[in-house]
Structure formats: structure tokens, C-alpha cells
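> please find the sequence and the predicted model below.
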Protein chains: 2
Amino acid sequence: MELKAMILGHFLAISLALNLGLLYRDYCNSQEFFSSENKLKNASLVTNRDANSYIVENTEVTSSSKAVDETIDLDHGDPTMYERYWQKMGDKTTVLIPGWRFISYFSDVKNLCWFLEPEFANAVIRLHKLVGNAVTENRDIVVGSGSSQLIQAALYAVSPPNATEPIDVVSAAPFYSSYPLITDLLKSGLHKWDGDANKFKKDKPYIELVTSPNNPDGFSRNAVVNQDQGILIHDLAYYWPQYTPISHAADHDIMLFTVSKSTGHAGSRLGWALVKDRETAKKMIEFIVLSTIGVSKESQIRAAKILQVVSDSHEHKGDFNDDEAFFEHSHKLMTRRWKQLRDAVSNAKIFSLPEFPLGQCTFTNSSFTSQPAFAWLKCESEIDDCESFLRHHKILTRGGKHFGDDEKHVRISVLPRDMIFDRFIKRLSSITSS
Amino acid sequence: MELKAMILGHFLAISLALNLGLLYRDYCNSQEFFSSENKLKNASLVTNRDANSYIVENTEVTSSSKAVDETIDLDHGDPTMYERYWQKMGDKTTVLIPGWRFISYFSDVKNLCWFLEPEFANAVIRLHKLVGNAVTENRDIVVGSGSSQLIQAALYAVSPPNATEPIDVVSAAPFYSSYPLITDLLKSGLHKWDGDANKFKKDKPYIELVTSPNNPDGFSRNAVVNQDQGILIHDLAYYWPQYTPISHAADHDIMLFTVSKSTGHAGSRLGWALVKDRETAKKMIEFIVLSTIGVSKESQIRAAKILQVVSDSHEHKGDFNDDEAFFEHSHKLMTRRWKQLRDAVSNAKIFSLPEFPLGQCTFTNSSFTSQPAFAWLKCESEIDDCESFLRHHKILTRGGKHFGDDEKHVRISVLPRDMIFDRFIKRLSSITSS
């Protein structure tokens, strides 16, 4: 039993770290990341290399008679919802990279972050100025291999290098399930995970990770520990207008963003940090240099193109068809999905969803309530283990305990492909009405 | 003075980690990674985006009257020598990536390493079969963000997870200057750097890093600690026929490779491991998932194309011009550079270079002596600090102490662009004849 627990623990770690659904779907077959059913389903989608055949395949799967019985995997936050938009954009975001480019480790030796491609930096600044979600002036941009690496770089940068014991790292529950695993991956002498920030009462230095909007529950957040010895790292991965009203330009010391959640390009493994203090930026760069000697130039150059097209789609609308401005399109998609989700939930008495306050968005110039990338669903009534309950109905989610919360909650991705989301809504409705 | 020492130490760490010359070139200006002279020089090379204008610029710099006084930076191993070859290849290795691709985190859910692009895996296997430098059968391929990340993944994978104290990590001096820094980056409770493997006499488990051919000195190596409690990690980044005779197909438990040194694409930050034991591969994957949630798909897809063209250039020579088979071309280039280097050194009595044994290469079907990517130069006679001596002559190298050796040695990159290498040879000759 102990061995089995260890094996499960091992896979638990992988799953959570990923923010991907690699867990438990087949406890009896823990050698495998995926049940064979899932394997086949996903494989056919992933291996298609042409947009047209891809869409055809997608449709075929939808019309399959097996759809009713198929497991719906909404555990992870794979942002495949965005695929269709980028398919519609056609060649606008296609990049062409000759073999002689990106031989060197260096991107721009004039920049403190010498592995940052100038085109990517420019595209990041332009996008923040367009959306108005973060202050970019008087800051260093540090590029990372996704925000996971940037979180580690930031922890390394702000941890006292010569303290007698590691600094405590906290985040208010429910917190992103990867934070504990990332913090303690190497049993570091620099920093260690100390859990829920609401329970932190020690009179000593600490690091607080503030995720806003929060993963998993979608709420806007501020730091919760009320002490003067705290160092704050702001994870703003979801602070984009398709998910939440942009109330102001964020102006924190360390702010992290990622293309995975802004444009949906999770496969690029690319994020960026806006860092106010130059010494902190230097130490973050040092971490990334020691960890991976910089960041893929191919990913940066493609992301640069994609971010520029996102800005163009708003600033040069004439060059685009109707409904092709990126954030408008994505916002509408999220609005529709959240309406479907709330309709399915409100018909029954066994589930509930968070209610978000109406907020004024400076980007859209309108008021709306948050429509997060994840739904933080609660099983009401007598269902104590919501994850197991839904798994019984072949819906894979991530249970609240992974986020430092109770088992009545689960996190559900709202970003799968259309056909998966529609199937999920149908399945959820059938449960609630039963 | 202590603060200055700290600042220098900080930058030392960065420099070594990089295997890049970010150090000391301007002690008085330690806020900067580069002296302004270097900055301008490199910037003009990096920012050129068109192959033709690039070559023109290159030539202009060569003919500049400032060349005599310019600092020559050979501290780092930036493999820009390869740029010219890939320019000559034209569109053969150009990749075109549409915006809708690589949205998902997943590359191939049927593979244990689910973030490994199948095209890249196929190209890796084909290349190893062509060159005959490593056994690929019955192994998992684990892709990483450069071999730096793979070293960390391997250390994580083979370190006992629940030991009371961290396992010792050793490598025979002179060892790659990044190993100590990478091992102790986070003051891990899993593993810690214990220095020169030749001095390891403890009767307890340990990890030995074996680099063959070795960085910095170019010699072929085997493990040196003669104990049965050792776990070996083989870094074979330089085991390619442009550098050394391929004597056999390496067949170790964990073997690491990188595109940075095989094809010269350091900017892609891409490496791969061939791993015999499935549990070790799983733990390496776990590390990469927690560290960066996989590896840039753009880098993988481009490297796939480049590796396939390398194989094509040998297997389908008819489709290429004369002298375009990759390893033949690169081998000739390295032969010429080493001849120039040995000529410059042999005329004087103040320097010496390692002598390598003649070896039979199964790939080229010929005998030759190693012509490594780095020259491990020794200052003879009364020069005790070779790094300072050469810096005085405006040649930046990395001193032996960073590699666990004495200060009479320096490591010099043999992979810069042609014009830089030629200028270096001229400068070195002028020193030796003075």
C-alpha cells in the first residue's frame, strides 16, 4: 500500500505541476499518463499538421456515437479554445525562420536581459499599452520559458541568499496547485512552502504569491498577509480582458504574464516578467541563465508576431474581418461559455459557482463580471468529494484539496475546444437534472 | 571591498553558468554585462535580420581599422562559426510555422515524454544512426531546454528523494565550469557539489558527471571514481565527428546531447537525453514539467528540420553542392582552425596545447586527432595567470580556476565567426613572436 501511495504521490506531483490532467484517471494503470481512451482521442487531435484536415477531424470526433460515453478531461488548463481563432487568422501570424538565424545565445547585448528578442519586447510593451493592464515604464522585461520558470526565477531573486533557514513562501487558499511543488521541487535551502497565506502569523520575512485573477477561483486579489516583512510576487497570467474587467494598469514590483493564457499559445512555453527593481531583474536573469541559458528564440519571434497581430486586430480593424479583434472575439466566446455553464448549473441544486461583482473595464469601456479561464465549482448538498462524483460521470476535474481547499470544490477548465466544452455542458446538464 | 567581491562573485556565477563571456571585461563597470565596445560590436551583428546584409556587415567589421585594438571575446562557446554554413544552405532549413499550431501543451500523448515533438524524436534517432555515436534502441528520448536543463533533470532524477543528506556530485577536474553552479543553484537538499572526482574517496553514494569529449580540455573520458555506489551521467555534447573521432556507439545509462554544439543552434535552447531506465526518464520528465512544463515546440520543429537536413546532406549528397555535407564541412573547418592555432602556438615557447592521440573514426572511415570546440591553452614559462596575461592583450578567455584547475590554463572558444577567429590567430601570433 505504501508503494502504491508513493507511486500515486509521484504522479500527483506531476499532474499538479503541469496544471494538466495527468492524474488518477486510471489508478490501476499508474504506469501510464493517460488512459488508452484519452490517449487515442488526444493523439488524433495533436498529430494533425494541417489546419483543414484538423478541422475535419475535429468534426468527425464530435459526430461520433461514442461521444456520450467518452471521458471529458477538464482537469488541466490546455487553452485549445484559441485554436479556432488562430486558424481563422490564416497566414497573418505565420512566421518563417531561416536555418542561419538564432545560432547565437545572444539576442540583444545592449539589454540587461541579453537573451530577450527586441521584437518580442516591443510587442509586449505595445500590447500592455493597448490593453492598459500593466505599467511597463521604468521596468526591465525578463523573458522566461513560461511563467513557471519565471515564478522560480522570482523566488530565487527575492530569497535571501545567505539566510540560516529558507524563507517561507505563502499564497492565500485556494492557491494555484503548482506553487507548493515548484517551491519545494529541489528541497531548496533558499525558500520553502508554508501554505495558506491567511494562516501566516510568524513575525519574520516571507514571500507572498498573489495571483490575480486567481487560479483556481477567478477572483481579483490583493496580498492578504498584513506585515511589513513581506515580498510580493504578482502572477497576472489571467489579467486580460477576455477573462476579467481591466480596472487599472497594475503597478507591482514583480508582475508575471504568459502567452499560454493571453493568446493561448501554451506550446511555446513563453512568459515575461515586468520587474521594477534592477537588482531583482538581474537575479531573475541569473536564474534563467543558470537554469536554461536563456529562452527559445523561435518561441520569442513567433510570439512577437502573434502579439503584434493581436494589437493590430484592435488598432487597425480595417485590415481584419468583423469579429476578428482578438480580445472582443475571445471575450464573446468566454461570455457564451459562462452563460452555458451558469445555465447548466442554475437548473439544479447540487452545484454552485462563484458570483463575481460587476466591474468597469477601461479597455472595453463597458461593465461586466469576470468570466475566468477556470470554473471553481462547488458540489452542494451531500456530495462531499466533488472530484470523485464528477469522475463517476466521466468528467475529469481537479479537486479542491490540491489548491489548499476542501473536497467540495473542483476546478474545471473553461478553455477546451468547442466540441469538448459543448459535450461537457450537455453532460453536466444531464447530471443536474437527474 | 567585501561588497565589490560580492558583486564580482555574483557576476562570476552568471558568467560561468552561461559558458558565455559575461565577466570581468570591465571590472570597473560591473553593472554591465559587456563593455560598450563589445556591446556595439555584437549588437550590430545580432540585430541584422537578413543573411545578405549580415554578411556585408561582417565584412565591413573585418576591414575596420579598429580591428587591431578590438577586444576579442573567446570566453564563451557561442557557436557562431556555424552561421556561414547555414547561410549557404539557403532555404533548405527554413521552417514556416502558422499561428494556429502549438496551442496545446501536448506534443504526443502516446509518448512517455508527452511534450516531445515526434518529428524531433525521429530526426534525433536518424542522426544518431547515421553518425553511429550513440545507441538509441530501447531508450526514452527526453527533450530539454538545452543540456543545462537536462543536467538538472538528470541530477533530480538520480538523487535519492528521501536521503537524510544531499548526495555528492563530482566530476574530474578540469570540469565544465557550470557544473558546481548548476548543482548548488538552489542550495538543494537533494544534491550538492563535491568538486574534483579524482579526490572523491568517501564510501557512500555519489553522482559522477562524465563529459566526453571533455569541456574544457577536449579529451575523451571515462568515469574516474572506482566505486560501486556511483551513478553516472554522461554529457556527450561534443561527441560529434567535427570535433573527435567517433570510436563507438556510446551506450551509457543517461547520455546528454544538444543542438548548440552539434549543429550550432545555441539560440534554440534545445537538447535531448537518451535514457535507458524508464523510471529515471519519468523523473527527468517530472523535473522538466515542474520546471518549464515542457519545451518550446517551435525550437523542436525547427531543430527537426535542421537535423533532417544534416542527415540528408550525407545520405542524399546529390541534392547538395560539393563540400556541403554537414560533418565533412564542419570537420574541415575545425581542422583548418586547429592547424592555424597550433602553428601560432608552436612558433613560440610561452604557450602549449594538449596533444591528442590519433583515433579511428567509424563515421568518416579515417583516422584523425581531436580538434575540440575549446582550446585548453597553457601559459608556460613565468606566466602564472594566463587569463590576466591574455586579457592584457585584449583576448578574453576563461581561466583554469573556474574549471577546478590552475591559473596557468585558460579555455578558449574555437567556434567564433571566421573574422574573429582570424583576428585572434593574428593577435596570438604577435604575442608569441614578441
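Thanks, I have it.

> quick one: stretch A:108-126 near chain B?
Yes. Against chain B, stretch A:108-126 shows contacts by Cβ under 8 Å from any Cβ of the partner chain at A:108-110, A:112, A:114, A:118. Heads up, the C-betas are built off the backbone N, CA and C, glycines and all.

> among the residues you listed, which are in helices?
A:P118 (DSSP state H).

> and the buried ones among the residues of stretch A:108-126 next to chain B, selectable in PyMOL?
The PyMOL command for the buried members of those (criterion: 16 or more other Cβ atoms under 10 Å in any protein chain shown) is given here:
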select buried, chain A and resi 108+109+110+112+114+118
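
> could you work out the most separated pair of the residues of stretch A:108-126 next to chain B?
A:L112 and A:P118 (12.8 Å; Cβ to Cβ).

> now do the helices in chain A.
Per DSSP H, chain A carries helices over the ranges A:2-18, A:36-46, A:51-62, A:83-88, A:118-131, A:146-158, A:178-184, A:259-262, A:278-292, A:297-315, A:326-346, A:386-392, A:418-432.

> looking at these, which is closest to A:P245?
Across the helices of chain A, closest to A:P245 is helix A:326-346 (Cβ to Cβ), at 10.3 Å.

> now tell me what touches that closest one from outside.
For helix A:326-346, the external contacting residues (Cβ atoms under 8 Å, 6 or more residues apart in numbering or on different chains) are A:81-82, A:85, A:131, A:240-243, A:263, A:309-310, A:313-314, A:323, A:351-353, A:363-364, A:368, A:371, A:375, A:377, A:414, A:421-422, A:425, A:428-429, A:432.

> please apply the same query to stretch A:414-421.
Stretch A:414-421 is contacted from outside by A:45, A:58-59, A:61-62, A:72-74, A:77-84, A:264, A:334, A:337-338, A:340-341, A:371-375, A:424, using Cβ under 8 Å, 6+ apart.

> what subset of these is buried?
Applying 16+ other Cβ under 10 Å to the contacts of stretch A:414-421 flags A:45, A:58, A:61, A:72-74, A:77-84, A:264, A:334, A:337-338, A:340-341, A:371-375, A:424 as buried.

> ok, the residues of stretch A:108-126 next to chain B vs chain B, which is closest?
A:V109 (4.5 Å; Cβ to the nearest Cβ).

> where does chain A have its least confident helix or strand?
helix A:36-46 (a mean of 30; mean pLDDT, DSSP states H and E).

> format the helices of chain A as TSV; extra columns: distance to B:K276.
Shown next, in TSV, are the helices of chain A (distance: least, Cβ to Cβ, whole Å):
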stretch	distance to B:K276
helix A:2-18	19
helix A:36-46	24
helix A:51-62	36
helix A:83-88	37
helix A:118-131	38
helix A:146-158	28
helix A:178-184	27
helix A:259-262	33
helix A:278-292	25
helix A:297-315	30
helix A:326-346	45
helix A:386-392	35
helix A:418-432	37
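
> what's the least confident stretch among these?
When the helices of chain A are ranked by mean pLDDT, helix A:36-46 comes last with a mean of 30.

> which positions in the stretch 151-300 of chain A make contact with chain B?
Neighbours of chain B within the stretch 151-300 of chain A, by Cβ under 8 Å from any Cβ: A:152, A:156, A:178, A:181-182, A:185-190, A:260, A:264-270, A:282, A:285-287, A:289-299.

> any idea which residue sits dead centre in chain A?
A:K261 (5.1 Å; Cα atoms, centre = their mean).

> quick one: contacts for A:R269?
Neighbours of A:R269 in contact, by Cβ under 8 Å, 6+ apart: A:145-146, A:296, A:299, B:145, B:292-297.

> try 6 Å this time
A:145-146, B:292, B:294, B:296 (Cβ atoms under 6 Å, 6 or more residues apart in numbering or on different chains).

> how about A:D406?
Contacts for A:D406 (Cβ under 6 Å, 6+ apart) come out as A:G400.

> model confidence for it, exactly?
97.

> for it, give its distance to chain B.
According to Cβ to the nearest Cβ, to the nearest Å, A:D406 and chain B sit 25 Å apart.

> next, that residue: phi, psi?
When read as degrees, to the nearest 10, the backbone of A:D406 gives phi -90, psi 170.

> confidence score at A:Q227?
A:Q227 is assigned 85 on the pLDDT scale.

> again with A:L20
So, for A:L20, pLDDT stands at 40.

> and if you look at A:A67?
In this model, A:A67 is scored at 63, pLDDT.

> so A:L190 is in contact with A:S159, correct?
Yes. Using Cβ atoms under 6 Å, A:L190 is in contact with A:S159, at 4.1 Å.

> what's across from A:V169 in the sheet?
Listed by DSSP bridges, the beta-bridge partners for A:V169 are A:W193, A:I207.

> quick check: chain neighbours aside, which residue is closest to the residue in the stretch 251-400 of chain A that chain B sits nearest to?
The minimum distance from the stretch 251-400 of chain A to chain B, using Cβ to the nearest Cβ, falls at A:G267 (3.2 Å). In this structure, A:G267 finds its nearest non-sequential neighbour in B:F102, 3.2 Å apart by Cβ to Cβ, 6 or more residues apart in numbering or on different chains.

> roughly how far apart are that neighbour and B:L333?
Per Cβ to Cβ, to the nearest Å, B:F102 is found 34 Å from B:L333.

> looking at those two, which one has more neighbours?
Between B:F102 and B:L333, B:F102 has the larger neighbour count (other Cβ atoms under 10 Å in any protein chain shown), namely 25 against 20.

> any idea how far that one is from B:P357?
46 Å.

> and for A:E137, the neighbour number?
The tally of other residues near A:E137 (other Cβ under 10 Å) stands at 10.

> verify the stated contact: A:A157 with A:M284.
Yes. A:A157 is within contact range of A:M284, at 4.6 Å (criterion: Cβ under 6 Å).

> wait, A:V131 sits on A:T364?
No. Using Cβ under 6 Å, A:V131 is not in contact with A:T364, being 9.9 Å away.

> neighbour-wise, which of these two wins?
Higher neighbour count among A:V131 and A:T364: A:V131, with 22 against 16, using other Cβ under 10 Å.

> relative to A:V259, how far out is the more buried one?
Using Cβ to Cβ, A:V131 is found at 14 Å from A:V259.

> got a list of what the closest residue to A:G99 other than its chain neighbours touches?
Among residues not flanking A:G99 along the chain, B:T93 sits closest, at 2.8 Å (Cβ to Cβ, 6+ apart). The contact partners of B:T93, by Cβ under 6 Å, 6+ apart, come to A:99, B:305-306, B:309.

> any idea how far B:T93 is from B:K283?
Distance, B:T93 to B:K283, using Cβ to Cβ: 34 Å.

> and A:D168, by the same measure?
From A:D168 to B:K283 the distance is 27 Å (Cβ to Cβ).

> same thing with A:D406?
Taking Cβ to Cβ, one finds A:D406 at 31 Å from B:K283.

> same deal with A:T136?
From A:T136 to B:K283 the distance is 39 Å (Cβ to Cβ).

> and those two? which has more neighbours close in?
Between A:T136 and B:K283, counted using other Cβ under 10 Å, B:K283 has the larger neighbour count: 22 against 16.

> that one contacts B:A157, correct?
Yes. Using Cβ under 6 Å, B:K283 makes contact with B:A157 at a distance of 3.6 Å.
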